[in-house]
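1. Curious how this folds, go ahead:
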Amino acid sequence: QVQLVESGGGLVQPGGSLRLSCVASGSIFSINSMAWYRQRPGKQRELVAAVTTGGSTDYVDSVKGRFTISRDNAKNTVYLQMNSLKSEDTAVYYCHAAVRATSDANHRPYWGLGARVTVSS
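-> Numbering: from 1, shown residues only. Take a look at the predicted model:
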């Protein structure tokens, strides 16, 4: 069994910062890409940022220069540092990882349950 658990969500004022964390645990053999998605009210889930095992990153245009994704491979953890938050960043943020479990021959997608981020004054 593999689990992804997010933490760090909450309520923050516009212009503020939050840091999300996601820890992958269980019978893990290896992890490829890790990413953060979000689902804003009334919108479809969208990719926010992704990071490869080697540290290459990619961001949706709306968060470039404000959000930073990073990972600690030794801890099976991915982070999302969110600065200069705007009301339109309000969403449930989901962690995603391509994980190969010890009982598996392939990497498969796993999701966390989500962390709610509310940006409001």
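2. drop to CA atoms for contacts and neighbour counts, all remaining ones
-> Fine.
3. Return the per-residue confidence for the residue nearest the centre of the chain.
-> Centroid-nearest residue in the chain, with C-alpha atoms, centre = their mean: W36, separated by 2.8 Å. For W36, the pLDDT comes out at 98.
4. Just to check, it is in contact with Y93?
-> Yes. At 6.6 Å, W36 counts as touching Y93 under the criterion of C-alpha atoms under 8 Å.
5. ok, what's across the strand from R71?
-> Beta-bridge pairing of R71 under DSSP bridges involves V78.
6. what's around it, how many residues?
-> 23 (other C-alpha atoms under 10 Å).
7. Now do the same contact list for it.
-> 34, 51, 55, 77-79 (C-alpha atoms under 8 Å, 6 or more residues apart in numbering).
8. Just checking: what are the partner strands of the host helix or strand of L4?
-> According to DSSP states H and E, L4 maps onto strand 2-7. Strand pairing for strand 2-7, using DSSP bridges, gives strand 18-26 (antiparallel).
9. what's in contact with the strand it pairs with?
-> Under C-alpha under 8 Å, 6+ apart, the answer for strand 18-26 is 1-10, 12, 75-83, 95, 112.
10. If we use 7 Å, what do you get?
-> With contacts defined as C-alpha atoms under 7 Å, 6 or more residues apart in numbering, strand 18-26 is touched by 1-9, 76-83, 95.
11. same deal with stretch 113-121?
-> By C-alpha under 7 Å, 6+ apart, the surrounding residues in contact with stretch 113-121 are 5-7, 9-14, 85-87, 89-95.
12. Repeat the analysis, applying 8 Å as the threshold.
-> 4-14, 85-95.
13. Kindly report the same for stretch 60-68.
-> Taking C-alpha under 8 Å, 6+ apart as the rule, stretch 60-68 contacts 47-49, 80-85.
14. If any of those are buried, put those into a PyMOL selection.
-> A single PyMOL command is used to select the members of the contacts of stretch 60-68 judged buried by 16 or more other C-alpha atoms under 10 Å:
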select buried, resi 47+48+49+80+82+83+85
